[in-house]
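Student: with the input below, show me the fold.
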Amino acid sequence: MKSRIAITACLTLLLTSGCAWLLTPNVETKIESLKPGQYKLDPEHTTVLFKVKHLGLSTYVGRFNEFDASLDFDPNNMSKTRLDAQVKINSIDVNNKDLEETLRDDDWFDSQRFPVASFKTLSVSPGENGNFIFNAELTLKGVTKPISLNATFNGGASNVLTGYYTLGFSAQGSLKRSEFGIDTAIPMVSDKVDIEIFAEFQKK
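Tutor: Numbers count the residues shown, from 1 in each chain. Have a look, this model is predicted:
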């Protein structure tokens, strides 16, 4: 306990004394130089967003706040890389408590019957500009459909603050919610849903 307090005090001193650069890691961005192995998601540095068009006038943005994921990463043979993830539907957050309760109801996500959405990688293929396409199955509201994410590995480095070697990851994709039995309010709220993920994975 005392050692943790001492470490926290030292880190605070470094940050407040203009020495934050000492804690900034040397990030390696070449995919083949990143460390292979099993990784766990760092939920404190992960964001899962969804976006829909509202009345054709604006983009409405929501998020999920509770999730988990594992990454089996092979930078030397990316076709063997696998990402599996789960999202707790009840953690939906649209900055409106009444709307969040509505979205949990059976006309929308029906979170009581289907509390978790799951993503399971089937294959990984090269994309453009050094990106990778994660071809996967998404199970949402009891329906399983194919989905593809355009993913970027932003780099890897040893994180002094956590002690873990960490990978930066981002991905984008889209789906039609009607294919998962969520067709309420179309076209007032768009059928197409864009997904954006920003995450850090820690090597086990």
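
Student: okay, now the unreliable bits of the chain?
Tutor: By pLDDT under 70, the weakly predicted segments of the chain are 1-23.

Student: all strands for it, in order.
Tutor: Secondary structure of the chain (DSSP state E): strands at 37-41, 47-54, 58-64, 67-73, 82-88, 92-93, 116-126, 132-140, 143-158, 165-176, 192-203.

Student: the fourth one pairs with which strands, parallel or anti?
Tutor: Which is strand 67-73. Its sheet considered, strand 67-73 pairs with strand 37-41 (antiparallel), strand 82-88 (antiparallel) by DSSP bridges.

Student: same list (those strands) but as JSON lines, adding mean neighbour count and distance to Phe64.
Tutor: C-beta: built from backbone N, CA, C; applies to glycine. Converted to JSON lines, those look like this (neighbours: other C-beta atoms under 10 Å; distance: least, C-beta to C-beta, whole Å):
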{"stretch": "strand 37-41", "mean neighbour count": "17", "distance to Phe64": "13"}
{"stretch": "strand 82-88", "mean neighbour count": "18", "distance to Phe64": "5"}
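
Student: nearest to Val124, out of those?
Tutor: When the strands paired with strand 67-73 are compared by C-beta to C-beta, strand 82-88 sits nearest Val124, at 7.7 Å.

Student: neighbours of the residue nearest to Gly156 when sequence neighbours are not counted, how many?
Tutor: Among residues not flanking Gly156 along the chain, Leu34 sits closest, at 4.3 Å (C-beta to C-beta, 6 or more residues apart in numbering). By other C-beta atoms under 10 Å, 21 other residues sit near Leu34.

Student: for Leu34, list the residues it contacts.
Tutor: Leu34 makes contact with Glu28, Phe73, Pro75, Phe153, Gly155, Gly156, Leu167, according to C-beta atoms under 8 Å, 6 or more residues apart in numbering.

Student: among these, which ones are buried?
Tutor: Buried members of these, scored by 16 or more other C-beta atoms under 10 Å, are Phe73, Pro75, Phe153, Gly155, Gly156, Leu167.

Student: and the two most separated of those residues?
Tutor: So, those by C-beta to C-beta: farthest apart are Phe73 and Gly155, at 12.8 Å.

Student: adding distance to Phe67, write the strands paired with strand 67-73 out as TSV.
Tutor: As requested, those are exported to TSV (distance: least, C-beta to C-beta, whole Å):
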stretch	distance to Phe67
strand 37-41	7
strand 82-88	5
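
Student: out of these, flag the one nearest Phe134.
Tutor: Here strand 82-88 is closest among the strands paired with strand 67-73 (C-beta to C-beta), at 6.0 Å.

Student: so what angle separates the directions of the closest one and strand 58-64?
Tutor: In terms of direction (axes from the mean of the first three to the mean of the last three C-alpha atoms, to 10 degrees), strand 82-88 departs from strand 58-64 by 100 degrees.

Student: what's in contact with strand 82-88?
Tutor: Strand 82-88 has contacts (C-beta under 8 Å, 6+ apart) with 41, 48, 64, 66-72, 115-121, 124, 134, 136, 151.
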